[in-house]
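Asker: Need a 3D model of the sequence below.
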Amino acid sequence: HLCVDEAIARFTGRATESVIIKIKPTPEGYKIWCLANNRVILNWLFHAKGIGRGPVNLLKLPTNAATLAFTPIESVPVSLVLAVDAHGRRLFPPGLHSVWDDNLFNTIPMLEYLRQHGVGCAGTVRTTKT
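Answerer: Modelled structure (predicted):
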């Protein structure tokens, strides 16, 4: 069981990429997107602050009807769990992992895409959104 969420890596110095999110347990630092298990971060992506920016080094997905619907945020779980090593082998082999995330990431096309690649995914949804 793997979990995808955002986190703040504590940093209190001066940097253009640091963020302040007062409701987080660590309110100031660098925003990162994490894939974790048992409080251990297994994979992560840096978040670049600013308009037109966001998660950095997203996985280059093949262009098809399903992936065209992905926003950068929806691509975060896909990029984290389908990541490959230097030899092109998946870090998390298909059929062995389930990913849990929250309503920030979940869309039906994203869930179907992960399922096609051997990864189960579940999490919260907003029933008031389409």
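Asker: In contact with the nearest residue to Gly123 once chain neighbours are set aside, which residues?
Answerer: For Gly123, the nearest residue in space outside its immediate sequence neighbours is Asp101; the separation is 4.2 Å by CB to CB, 6 or more residues apart in numbering. The C-beta positions use only the backbone N, C-alpha and C, and glycine is treated the same way. With contacts defined as CB atoms under 8 Å, 6 or more residues apart in numbering, Asp101 is in contact with 3-5, 77, 121, 123.
Asker: secondary structure class for Ser79?
Answerer: Following DSSP: H, G, I helix; E, B strand; the rest coil, Ser79 is assigned to helix.
Asker: so how many other residues sit close to it?
Answerer: Look at Ser79: counted by other CB atoms under 10 Å, it has 22 neighbours.
Asker: give the contact list for the nearest residue to it once chain neighbours are set aside.
Answerer: With CB to CB, 6+ apart as the criterion, Ser79 has its nearest non-adjacent residue at 3.8 Å, and that residue is Leu59. Leu59 makes contact with 75, 78-79, 82-83 under the criterion CB under 8 Å, 6+ apart.
Asker: Got a PyMOL select line for the buried ones in these?
Answerer: When burial is assessed using 16 or more other CB atoms under 10 Å, the buried subset of these is captured in PyMOL by this command:
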select buried, resi 75+78+79+82+83
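Asker: the helices in the chain, which residues?
Answerer: Under the criterion DSSP state H, the chain contains helices at 65-68, 75-81, 108-116.
Asker: Tell me which of these lies nearest to Lys31.
Answerer: The closest approach between Lys31 and any of the helices of the chain, judged by CB to CB, belongs to helix 75-81 at 11.5 Å.
Asker: Export only the CA atoms of that closest one, formatted as PDB.
Answerer: Written as PDB, here are the backbone C-alpha positions of helix 75-81 (Å, rounded to 0.1, in the frame of the first residue of the first chain):
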ATOM      1  CA  SER A  75      -0.100  13.300 -13.500                       C
ATOM      2  CA  VAL A  76       1.700  13.300 -10.100                       C
ATOM      3  CA  PRO A  77       0.500   9.800  -8.900                       C
ATOM      4  CA  VAL A  78       1.100   8.400 -12.400                       C
ATOM      5  CA  SER A  79       4.700   9.800 -12.500                       C
ATOM      6  CA  LEU A  80       5.500   8.700  -9.000                       C
ATOM      7  CA  VAL A  81       4.300   5.100  -9.200                       C
END
